[in-house]
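In: predicted model, plus sequence, below.
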Amino acid sequence: MRVEIEDLAVEAAGTRLLTDIQLRVGSGQFVGLVGPNGSGKSTLLRCVYRALRPAAGRVLLDGTDAHRLDPRESARRLAALPQESGGEFDFTVAEVVAMGRLPHQRATARTTEADREACATALARVGATHLAGRGFRTLSGGEKQRVLIARALAQRPKVLVLDEPTNHLDIAHQLEVLSLVRESGLTVLAALHDLNLASAHCDVLHVIAGGRVAASGPPAAVLTPGLLAEVFGVRAHRVPHPETGVPQLLFDRLPREGAQA
Amino acid sequence: MTALPAPARRLPLTPLVVALAAALLGSLLCGVGLGSSGLGWGRVLRYLHAGLTGGEIRADEVSAYTIVWELRLPRALLAAVVGAGLAAVGVAVQALVRNALADPFTLGVSGGAAVGASAVLLFGVLGSLGLWALSGAAFASALAAMVLVYAVARTPQGLSPLRLVLTGTALSYGFSAVTTLMIFSADRGDAARSAMMWLLGSLGGANWRSLPLAAGAVLAGLGFLLFSARSLNALAMGDETAIALGAGPDRLRRRLFLVTALVTGAVVAVSGAIGFVGLMIPHLARMLVGAEHRRVLAVAPLLGAVLLVWVDIVSRLLLAPVELPVGVVTAVLGVPCFVVLLRRRGHVLGGA
């Protein structure tokens, strides 16, 4: 399923947070959003999973306006991992994953065999079957993120939206989470902090700055020293990854104006 | 991150519910059978049978029959209804404001009810309504408090959990000040005493007429909560998660607020402000069956009902013929039990 964002604008309390966003995620593509803090990545994603209503523009899922869909119908097509700690309630891992079935269940219906099967498959996919009986709150950060991905998979969506899925994870878990997402085969739209991870995992990157799309394209074309200096305010050196050849970035502080001359 | 202890082992649901239902029946029987008037079990059961089947009672037994059928039975049933209602509402409010310290009274509804009830008890307001004055005034002022809390807490973005808790708590202080002021300015000591009694909870006013409305409200409320149980799970995880799962947190929270306020109002109107049950029973239920709301909502009302039936028995018997306020007994009985359970099951604090 493809996602198209057309002329999107968001306002909050009279301030424009996003302006004129155009963005396309092809079916099965892994598209990353990168940008400095406060640039509007999360805002954009929140529009896509309908936590925010845009002031203008549309979010289309295979041509259908996501904001016109019934909430449950939209949740069957698109799953999201918001940045949320998960509250203080002591759910087990199995219960958290089972919540992914919510958009498929009628309120009065019992849990069906299909529900159980979807949850078991999802847990197995992220290698967390052994955690099923554990309390979600007792898990490590990496385990939690895997379980939340399992919840999203149990939703059986076509599109996966992730807001900083690698936050607070060590490097092994960051790589693990991104490859799990990549292997899901779903259409993915993710905000990512680490530019090198984004460069290695995404098919297409959109750089968001000041609520606008500053650049779009394959990582190698987008992550240029010039753009990184302009958008992130850093000096970047590009070196090819010795094995994969994917461009990797090394950073320095930008010299202060006039200091070099 | 250091590993916290895994959640305590959870009890299988069906046997637990069956056991609790049996315990509730047994408790109700005890509620009818135990009392200070020294009726034997044989007579109590015979009167119960007579009442249920419309059998005949000898003329010299009418007063004893009245005690069983007109006083004790509706009172025990009302205790069960009130306990179940407070427990279910406690579960819902804790999910609604996503706070384990919330209880049915957090939203300010019972504080409002107390204002109305005190006005009736102290100044004879609404005297023309007769027997209905007390519960009528309590319910009406509970609804007024609900509207006030809603109006203050509401923002264009919807009802935020923190705003609801803050508004409810702040207005509760206001209501409580008004009630206290009324009690202090009352010139009759016995009226002040009965107002205090009401504030601490009492089932002394139970009769067959007060039962159907409260029972109806509690059953309807419980039905709605069970219907929303899966969405409550999503809501407990966070608003963004609830949205992502298609659960529509804003609409759900508005409905929950309305339902919990109505049930609380209906319950408080017939029993006064009985504390502790709505706060602790949900936690107790989660210790037994985990946090999943369908399971919690199957267990918590039964636990609340059993607890309150026994609390009422103790409150009648302990210093008979003087009745203790139910709220006092709830705390005296409930706190030690709760502390023991909390210690024994290695419960994750804040986790339920």
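Out: Done, it's in.
In: after whatever helix or strand B:Leu86 lives in comes which helix or strand?
Out: Assigned by DSSP states H and E, B:Leu86 belongs to helix B:73-96. Once helix B:73-96 ends, the next helix or strand along the chain (criterion: DSSP H and E) is helix B:109-123.
In: then the very next helix or strand once past that next one to PDB, C-alphas only?
Out: Later in the chain than helix B:109-123, the nearest helix or strand by DSSP H and E is helix B:132-153. Output of helix B:132-153 as PDB, limited to C-alpha atoms (Å, rounded to 0.1, in the frame of the first residue of the first chain):
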ATOM      1  CA  TRP B 132     -36.600  10.600  48.500                       C
ATOM      2  CA  ALA B 133     -35.100  14.000  49.600                       C
ATOM      3  CA  LEU B 134     -31.800  12.600  50.700                       C
ATOM      4  CA  SER B 135     -30.900  10.400  47.700                       C
ATOM      5  CA  GLY B 136     -32.600  12.800  45.300                       C
ATOM      6  CA  ALA B 137     -30.600  15.800  46.600                       C
ATOM      7  CA  ALA B 138     -27.400  13.700  46.600                       C
ATOM      8  CA  PHE B 139     -27.900  12.500  43.100                       C
ATOM      9  CA  ALA B 140     -28.900  15.900  41.800                       C
ATOM     10  CA  SER B 141     -25.900  17.600  43.300                       C
ATOM     11  CA  ALA B 142     -23.600  14.800  42.100                       C
ATOM     12  CA  LEU B 143     -24.800  15.600  38.500                       C
ATOM     13  CA  ALA B 144     -24.300  19.300  39.000                       C
ATOM     14  CA  ALA B 145     -20.800  18.600  40.200                       C
ATOM     15  CA  MET B 146     -20.200  16.400  37.200                       C
ATOM     16  CA  VAL B 147     -21.300  19.100  34.800                       C
ATOM     17  CA  LEU B 148     -19.100  21.600  36.600                       C
ATOM     18  CA  VAL B 149     -16.000  19.400  36.600                       C
ATOM     19  CA  TYR B 150     -16.600  18.600  32.900                       C
ATOM     20  CA  ALA B 151     -17.000  22.300  32.000                       C
ATOM     21  CA  VAL B 152     -13.800  23.300  33.800                       C
ATOM     22  CA  ALA B 153     -11.700  20.400  32.700                       C
END
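In: pretty sure B:Pro282 is in a helix, no?
Out: Yes: assigned with DSSP: H, G, I helix; E, B strand; the rest coil, B:Pro282 falls within a helix.
In: center of chain B - which residue?
Out: Taking Cα atoms, centre = their mean, the centroid of chain B lies closest to B:Leu86, which sits 2.4 Å from it.
In: wait, that one sits on B:Leu279?
Out: No: with contact defined as Cβ atoms under 8 Å, B:Leu86 does not reach B:Leu279; the gap is 9.1 Å. (Each C-beta comes from the backbone N, C-alpha and C, glycine too.)
In: so which residues on the stretch 51-200 of chain A come close to chain B?
Out: Listed as neighbours of chain B in the stretch 51-200 of chain A under the rule Cβ under 8 Å from any Cβ of the partner chain: A:51, A:70-76, A:79-92, A:95-96, A:99-100, A:102-103, A:105, A:107-108, A:133-135, A:137-138, A:140-141, A:155, A:161.
In: among those residues, which lie within helices?
Out: Judged by DSSP state H, the subset of those located in helices is A:Pro71, A:Arg72, A:Glu73, A:Ser74, A:Ala75, A:Arg76, A:Glu95, A:Val96, A:Gly141.
In: got a winner among those residues for most neighbours?
Out: A:Val96 (29 neighbours; other Cβ atoms under 10 Å in any protein chain shown).
In: what angle separates the helix holding B:Leu86 from helix B:109-123?
Out: 140 degrees (axes from the mean of the first three to the mean of the last three Cα atoms, to 10 degrees).
In: only C-alpha atoms, please: export helix B:73-96 in CSV.
Out: The C-alpha trace of helix B:73-96 is given here as CSV (Å, rounded to 0.1, in the frame of the first residue of the first chain):
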residue,chain,number,x,y,z
LEU,B,73,-32.1,-8.5,52.7
PRO,B,74,-32.4,-5.2,50.9
ARG,B,75,-29.5,-3.9,53.0
ALA,B,76,-27.2,-6.9,52.1
LEU,B,77,-28.2,-6.6,48.4
LEU,B,78,-27.6,-2.9,48.4
ALA,B,79,-24.2,-3.4,50.0
ALA,B,80,-23.4,-5.8,47.2
VAL,B,81,-24.6,-3.4,44.5
VAL,B,82,-22.7,-0.4,46.0
GLY,B,83,-19.5,-2.5,46.4
ALA,B,84,-19.7,-3.7,42.9
GLY,B,85,-20.5,-0.3,41.5
LEU,B,86,-17.6,1.4,43.4
ALA,B,87,-15.1,-1.2,42.4
ALA,B,88,-16.1,-1.1,38.7
VAL,B,89,-16.1,2.7,38.6
GLY,B,90,-12.7,2.6,40.3
VAL,B,91,-11.3,0.5,37.5
ALA,B,92,-12.8,2.8,34.9
VAL,B,93,-11.6,6.0,36.5
GLN,B,94,-8.1,4.7,36.9
ALA,B,95,-7.9,3.9,33.2
LEU,B,96,-9.7,7.1,32.3
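In: what is that helix packed up against?
Out: helix B:13-33, helix B:210-227, helix B:229-237, helix B:249-271, helix B:277-289, helix B:293-317 (3 or more Cβ pairs under 8 Å, 6 or more residues apart in numbering or on different chains; DSSP states H and E).
In: from the chain's centroid, how far away is that helix?
Out: 4 Å (Cα atoms, centre = their mean, to the nearest Å).
In: quick one: contacts for residue 81?
Out: Just so you know, I chose chain A. Residues in contact with A:Leu81 (Cβ atoms under 8 Å, 6 or more residues apart in numbering or on different chains) are A:Gln145, A:Leu148, A:Ile149, A:Ala152, A:Leu160, A:Val161, A:Leu162, A:Asp163, A:Pro165, B:Ala244.
In: please refer instead to chain B.
Out: So B:Val81 contacts B:Leu211, B:Ala214, B:Ala215, B:Val218, B:Val267, B:Ala305 (Cβ under 8 Å, 6+ apart).
In: what's the burial count for the fifth one?
Out: The reference is to B:Val267. B:Val267 has 34 neighbouring residues, counting by other Cβ under 10 Å.
In: repeat for the first one
Out: Number of residues near B:Leu211 (other Cβ under 10 Å) recorded here: 17.
In: now, the contacts of A:Leu81 that are in strands?
Out: A:Leu160, A:Val161, A:Leu162, A:Asp163 (DSSP state E).
In: pull up the pairing partners for the helix or strand bottoming out on mean pLDDT in chain B, direction included.
Out: None of the helices or strands of chain B scores lower by mean pLDDT, DSSP states H and E than strand B:158-159, at a mean of 76. Its sheet considered, strand B:158-159 pairs with strand B:154-155 (antiparallel) by DSSP bridges.
In: show me where chain A has its helices.
Out: Secondary structure of chain A (DSSP H): helices at A:41-48, A:71-77, A:93-98, A:113-125, A:141-154, A:171-183, A:195-201, A:219-222, A:225-232.
In: any low-confidence regions in chain A?
Out: Chain A contains residues with pLDDT under 70 at A:257-261.
In: okay, the helices and strands packed on helix B:73-96 in TSV with distance to A:Ala56 next?
Out: Output for those, formatted as TSV (distance: least, Cβ to Cβ, whole Å):
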stretch	distance to A:Ala56
helix B:13-33	49
helix B:210-227	37
helix B:229-237	29
helix B:249-271	22
helix B:277-289	44
helix B:293-317	38
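In: so which of these is nearest B:Asp190?
Out: Within the helices and strands packed on helix B:73-96, the stretch nearest B:Asp190 is helix B:293-317; the backing value is 19.3 Å (Cβ to Cβ).
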